[in-house]
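*Asks:* have a look at this fold, sequence not included:
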């Protein structure tokens, strides 16, 4: 039984859900959080950071393919300055965009993030 979620739930996931398929208070889909990266792999990848930045810079400066040059330049900017903000614009009756906040939660209170 997939509970209407489009894929079979694992036994652990099913334990964390109510009869209606939603997570109960204090339960999460991934209670342990994101799995940690292997420290050895992380150290190896970190050792290539300078070389990767130099390669991107070289492609941005001297690449023969314009698309590759732009992608390399964007990668350098995104990593150095952060990705640019995404502006939201639109028109509705009366002027601007209306945002309805359904529920605010305080993470320090251990709430379920509105998935009750």
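*Replies:* Done, it's in. Just so it is clear, the model here is predicted, and its values are computed rather than measured. Residues are numbered from 1 along each chain as shown.
*Asks:* show me what counts as buried in the longest helix along the chain.
*Replies:* Criterion DSSP state H: the longest helix present in the chain is helix 66-81. Using 16 or more other Cβ atoms under 10 Å as the test for burial, helix 66-81 gives 72, 73, 75. C-beta coordinates here come from the backbone N, C-alpha and C atoms, glycine included.
*Asks:* for stretch 23-42, same thing?
*Replies:* Buried-residue list, stretch 23-42, by 16+ other Cβ under 10 Å: 23, 27.
*Asks:* straight-line length of it, end to end?
*Replies:* 33 Å (Cα to Cα, to the nearest Å).
*Asks:* pLDDT of it, averaged?
*Replies:* Mean pLDDT, stretch 23-42: 77.
*Asks:* grab the nearest non-local neighbour of residue 59.
*Replies:* residue 72 (4.0 Å; Cβ to Cβ, 6 or more residues apart in numbering).
*Asks:* please parse this structure into its domains.
*Replies:* The domain map for the chain lists 1-35, 40-83, with the assignment taken from automatic domain parsing.
*Asks:* which one of these lies closest to residue 107?
*Replies:* Nearest to residue 107, of all the domains of the chain, is domain 1-35, at 12.1 Å by Cβ to Cβ.
*Asks:* what segments of this structure are helices?
*Replies:* 11-15, 39-47, 49-62, 66-81.
*Asks:* which residues of the chain score low on pLDDT?
*Replies:* Residues of the chain meeting the criterion pLDDT under 70: 1-16, 28-31, 89-97, 109-116.
*Asks:* go again with 50.
*Replies:* For the chain, applying pLDDT under 50 flags the ranges 1-7, 111, 113-116.
*Asks:* quick revisit: will you turn the buried residues of helix 66-81 into a markdown table that also has distance to residue 66?
*Replies:* Converted to a markdown table, the buried residues of helix 66-81 look like this (distance: Cβ to Cβ, whole Å):
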| residue | distance to residue 66 |
| --- | --- |
| 72 | 11 |
| 73 | 11 |
| 75 | 15 |
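*Asks:* closest one of those residues to residue 64?
*Replies:* Looking across the buried residues of helix 66-81 and measuring by Cβ to Cβ, the closest to residue 64 is residue 72, at 12.1 Å.
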